[in-house]
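>>> predicted model follows, preceded by the sequence.
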Amino acid sequence: MTKQLLSVQDLSIDFLTRRGRVQALEDVSFTVSEGEILGIVGESGSGKSVLSYSIMGLSDKAANIRSGSIDFRGVPLKPEKMADLRGREISMVFQSPRTALNPIRKVGHQIEDVLRRHTPLRGKVLKSAAIEALARVRIPDPERRYEAYPFEMSGGMCQRVMIAMALACKPALLICDEPTTGLDVTTQAVIMDLVRDLVAETKMAAILITHDLALAGEYCDRIAVMHAGHIVEVAQSRSFPNELKHPYTERLFAALPSAAANLSELAIIPGSLPDLRGALPPCRYIARCERAKEDCSLGPLPWTKIDSDHLVRCRYPK
Amino acid sequence: MKNLITARGLTKRFSVQRGLKTHWVHAVDDLNFSIGEGECVGLVGESGCGKTILSRLLSRMIDPTSGSIMFDQVDLTKMPTKKFADSLHRAQIQIVFQDPTESLNPHFTAFQAVADPLRRLMSNLSAAEVEEKVNQAFDDVGLPRALGSRYPHQLSGGQKARIGIARAIAVEPRLLILDEPTSALDVSVQSTILRLLGELRAKRGMSYLFVTHDLEVVRIISDRILVMYLGKIIESGPANQVFENPVHPYTKALLAASPDPARRGIKTQRLEGSASSPIDPDPNVCRFAGRCPVEMSNCRSVMPPLIEVEEGHHAACHRAEPRGAQVTHLPSRKPAFPNSGVRQ
Ligand SMILES: Nc1ncnc2c1ncn2[C@@H]1O[C@H](COP(=O)(O)OP(=O)(O)OP(=O)(O)O)[C@@H](O)[C@H]1O
Ligand SMILES: Nc1ncnc2c1ncn2[C@@H]1O[C@H](COP(=O)(O)OP(=O)(O)O)[C@@H](O)[C@H]1O
Ligand code: SF4
Ligand code: SF4
Ligand SMILES: [Mg+2]
Ligand SMILES: [Mg+2]
């Protein structure tokens, strides 16, 4: 039996800005279990990063958690406890490794900084733990790399160092926000294989945030699809793309070049994300939806349970 | 199909100073290929392999070190950059840049961004004609004309990408070079842009050079594919043949690395490491040697030439065999043209 590690329930987050209240997340719910990789996919601006930052307790000052809860190991995550959990129990890998690493500090020392903050390790033991962390992400010649500066390494190597830092304290949950965007596909495959193998070896849980549906399909056990601050569908990866029920998910997959034999088969998703300021209809996909009926704009939007692992937020699932 | 543009021996080197010695970055090395009228050619390869430099050479933004570019029976390389800028050809070869945010002038509205090349390259147009052509280009790329008064920071990534394309097609080019036009875009925007490019091609018979590192995108949009590695074309051929019968180990590795849900839970052989240095590479060593999973002893003494493996399908690898004569266990052998890849 796999144990549930993280549970997000009915999370709604607003940003108070001068130009209005941005309703970035509304009633977002999902769980992640040990040894599982959950994919979160969606268009730019759909709320993927806001969600991951809120789990990390790193939300912007303007963020207002309107409702909902985030439980970790069955206990609510408290903002004042986050500084201690972050990096130790819950770690994050950010999109651009070069900006996340300190360019003028040896990578070995940057890993030691993380270890020093969360463990009693000091001196020689600290150094060997840092080298071990580099070895764990299969960096060749970790003793030599310990002495390297970020600018001496390729983008793929920097991303491995980021993962090594994130994993240094053996966290229970690893959040990867677009970890391979901007890297070559060959490098991406190596990095993602590494994440998958580490999850399998250590039974940690991972959340993979990406706008690449094929990538999520290859590496995740379950996938949650976001649209305009809502999760619109969650299902086992193997249900993708054939058993999808939400009209947006269906379109999103049909718009992948790999799904089409030729250009004329490639689907287009009409319209764009709605402006998240101001009044929004219960279903935020309604203006783009070819299935929309009158009652879609009435009352709160129900979750439809297709089976125990497959939920869809639509009045007229296929 | 008639060739629109043909490159012969196209080479670009950059000098770098290390101490007292001058070294050379071989960014683009002895490329030979052509693009037919109305043909879409996909160019793939990893970051730094020379795709952008090649795009800039073809659009005459930079001078080649050597080689020729024939366009309509004219050798463009014989024309100084300045003269090219004033020539008729300037409008006929247009390029859309990698990053829509960086390539748009922040002080130009969307309308001005599209009108600017029209005014510069088609100076005989009246103001009314420019306006009409701008509007037409907005319509062609599916941008509401009302967005014309907006500045880049007021537009989404997808809208900016469309403006980049609109300004390139407004001057009615015959060759459109797109340098990773969709790599920063969502699937939703990407599919719209790809469909749009397909429609423009059908309507205008334009030729494309489509640069990307996304193989699925290349498969769906291109007739033919060029695969580059460290400045060289290492495989080329009809898109379906390259996809179904990849010959070069690097092309195979690229295909194996392209994310695929069908491979979930399956361990796949991956390509480790990164390309070797483009500075003064040994002309007698295969550029893929050192990273190649099936390297042989002669790979480090003889540069493999591009040979034809099936009709119109070429690969540069000592293990490549013409189809039909294929053997599974390959003894090391002399390449068919031992000298063609070796140059000083
Ligand atoms: N600090 C903030 N103030 C106001 N609005 C914000 C803030 N941060 C995010 N938003 C808004 O919240 C929404 C979700 O943003 P988010 O960054 O989570 O998108 P994303 O799904 O991660 O997109 P991408 O794929 O581009 O990274 C967007 O409409 C964004 O503009
Ligand atoms: N101005 C320059 N001076 C020296 N080297 C350069 C210059 N521009 C590009 N290069 C090098 O040429 C090679 C090809 O670059 P580029 O065409 O930009 O690659 P990509 O395939 O990613 O578009 C790289 O090794 C790059 O570092
Ligand atoms: S609830 Fe209605 S409008 Fe919304 S996605 Fe479902 S069918 Fe479309
Ligand atoms: S020539 Fe040799 S090293 Fe180069 S790709 Fe072929 S087998 Fe590999
Ligand atoms: Mg994000
Ligand atoms: Mg480039």
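Sure, I can see it. Ligands and ions are numbered 1, 2, ... in the order given.
>>> what's near enough to touch whichever residue of the stretch 201-344 of chain B sits closest to ligand 3?
For the stretch 201-344 of chain B and ligand 3, the shortest gap (CB to the nearest ligand atom) falls at residue B:261, measuring 23.4 Å. The C-beta positions use only the backbone N, C-alpha and C, and glycine is treated the same way. Taking CB atoms under 8 Å, 6 or more residues apart in numbering or on different chains as the criterion, residue B:261 is in contact with A:214, A:217-218, A:237, A:240.
>>> cool, residue B:125 as well?
B:118-119, B:133.
>>> could I have the buried ones of those as ChimeraX selection syntax?
To isolate the buried members of the contacts of residue B:125 in ChimeraX, using 16 or more other CB atoms under 10 Å in any protein chain shown:
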select /B:118,133
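>>> closest to ligand 3 out of the contacts of residue B:125?
residue B:133 (39.1 Å).
>>> give me the contacts around the helix or strand containing that closest one.
Taking DSSP states H and E as the criterion, residue B:133 maps to helix B:127-140. Under the contact criterion CB under 8 Å, 6+ apart, helix B:127-140 has outside partners B:111, B:114-115, B:118-119, B:125, B:144-145, B:147-148, B:166-167, B:169-170, B:196, B:200.
>>> closest one to ligand 3 out of those residues, please.
Using CB to the nearest ligand atom, residue B:144 is the member of these that sits closest to ligand 3, with 23.5 Å.
>>> check which residues of the lengthiest helix in chain B are buried.
Ranked by residue count under DSSP state H, the longest helix found in chain B is helix B:187-204. Under the neighbour-count criterion of 16+ other CB under 10 Å, helix B:187-204 has B:187-198, B:200-201 buried.
>>> separation between residue A:167 and residue B:119?
Taking CB to CB, to the nearest Å as the measure, residue A:167 falls 56 Å from residue B:119.
>>> could you do residue B:142 as well?
23 Å.
>>> quick one: the helices in chain A?
With DSSP H as the criterion, chain A has helices spanning A:48-56, A:79-85, A:97-100, A:107-118, A:123-136, A:142-146, A:155-167, A:185-202, A:213-219, A:247-254.
>>> so who does residue A:241 touch?
Counting by CB under 8 Å, 6+ apart, residue A:241 touches A:249-250, A:253-254, A:259.
>>> let's have those in TSV, adding neighbour count, distance to chain B and pLDDT.
Converted to TSV, the contacts of residue A:241 look like this (neighbours: other CB atoms under 10 Å in any protein chain shown; distance: CB to the nearest CB, whole Å; pLDDT from 0 to 100):
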residue	neighbour count	distance to chain B	pLDDT
A:249	27	12	94
A:250	18	13	93
A:253	22	9	91
A:254	18	8	91
A:259	19	9	86
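>>> closest to ligand 2 among the residues you listed?
Closest approach between those and ligand 2, by CB to the nearest ligand atom: residue A:259, at 27.2 Å.
>>> how about that closest one, nearest residue that isn't a chain neighbour?
residue A:253 (5.8 Å; CB to CB, 6 or more residues apart in numbering or on different chains).
>>> can you tell me how far the one you found is from residue B:181?
For residue A:253, the distance to residue B:181 - CB to CB - is 22 Å.
>>> in chain A, what residue is nearest ligand 2?
For chain A, CB to the nearest ligand atom, closest residue to ligand 2: residue A:184, 9.2 Å.
>>> what do you get for the stretch 151-300 of chain B?
Closest point on the stretch 151-300 of chain B to ligand 2, by CB to the nearest ligand atom, is residue B:278, at 4.2 Å.
>>> and the gap between the residue lying closest to residue A:147 once chain neighbours are set aside and residue A:130?
Closest residue to residue A:147 apart from its sequence neighbours, by CB to CB, 6+ apart: residue A:106 at 5.8 Å. For residue A:106, the distance to residue A:130 equals 10 Å [CB to CB].
>>> common neighbours of the two, please.
With CB under 8 Å, 6+ apart as the test, residue A:106 and residue A:130 both reach residue A:146.
>>> so which of those two has more stuff around it?
residue A:130 (27 against 17; other CB atoms under 10 Å in any protein chain shown).
>>> I figured that one hits residue A:116, correct?
No: between residue A:130 and residue A:116 there is no contact under CB atoms under 8 Å: 9.8 Å.
>>> just give the closest residue to residue 264, not the sequence neighbours.
If you meant another chain, say so; for now it's chain A. Nearest non-adjacent residue to residue A:264 (CB to CB, 6+ apart): residue B:198, at 7.3 Å.
>>> I was thinking of chain B, sorry if that wasn't clear
In space, and not counting its chain neighbours, residue B:264 is closest to residue A:218: 5.2 Å by CB to CB, 6+ apart.
>>> who touches that neighbour in this structure?
Residue A:218 neighbours (CB under 8 Å, 6+ apart): A:192, B:259-261, B:263-264.
>>> now do the phi/psi pair for the residue of the stretch 151-300 of chain B found nearest chain A.
As assessed by CB to the nearest CB, chain A sits closest to residue B:261 within the stretch 151-300 of chain B, at 2.8 Å. Note on residue B:261: its backbone torsions stand at phi -60, psi -30 [degrees, to the nearest 10].
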